[in-house]
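**Q** can you look at this prediction? I've put the sequence above it.
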Amino acid sequence: MKHFLHCKLFSFLSVLAVFFLTAQSFAFAEEAGELQVRMDAQVVYCDARLNKGEQEFLHFLKDGIPVTTVWKIKVSKLREYWLNKSVAEIIVIHRVVPDLLTRSWMLIDEASGISRRVYSLSDVYHFLSRLENLSVLDRSLLLDQAPYRMSVSVVVAHGEINDAWWSKWWESVDTELNREFSLP
């Protein structure tokens, strides 16, 4: 009888621990950032925002160290009895290089090669912490009423980026955002 009560108590505590850990991970996911999926007649768009404070980015920039955010956007078709099917994968790299002499920052979009010089730290923070109106894929690639998931994982790197083939294995994701959607 005593063994039975210990097993029941252990089971109850295990379920309680899993509940609290799951609730905490959901709360952390909401605090980590926001992800919105929008679409018009032809294109699916992504709006993502990190909820990191300015100091987490700007501390390094004020010391002359470049900061880079690597946004990996993945769209998958959800399947019930098999692995999800990948529909699209996009990588967006935003890099900020400080110029301590002029007290300015060069904002570089690595995908397009477009850069601009800014003199405001709020512009730098906005550039590093947000993706706005990013066209992800053509709606014709998606099926009507099928469930899809957009996942955005963000890596914040300080200093020079290591382009070696093995560097992706040591990369740790700072934030992961997910949103399920379907065509109307």
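**A** Nice, I can see it.
**Q** for Glu34, give the beta-bridge partners.
**A** Glu34 has the following beta-bridge partners by DSSP bridges: Arg49.
**Q** wait, doesn't it sit right on Ala48?
**A** Yes: Glu34 lies in contact with Ala48 (CB atoms under 8 Å); the separation is 7.0 Å. The way it works is simple: take the backbone N, C-alpha and C, and place the C-beta from them, glycine included.
**Q** those two: which has the busier surroundings?
**A** Ala48 (23 against 14; other CB atoms under 10 Å).
**Q** for that one, which non-adjacent residue is closest in space?
**A** Leu131 (4.4 Å; CB to CB, 6 or more residues apart in numbering).
**Q** isn't that neighbour right next to Ile91, touching?
**A** No: the criterion here is CB under 8 Å, and Leu131 misses it with Ile91 at 11.6 Å.
**Q** so for these two, which residues contact both of them?
**A** Here Leu131 and Ile91 have 71, 73 as joint contacts, going by CB atoms under 8 Å, 6 or more residues apart in numbering.
**Q** more crowded one of those two?
**A** Leu131 (20 against 11).
**Q** gap between the helix or strand containing the more buried one and the chain center?
**A** Leu131 belongs to strand 130-138 when assigned by DSSP states H and E. Relative to its parent chain, strand 130-138 has a centroid offset of 13 Å by CA atoms, centre = their mean, to the nearest Å.
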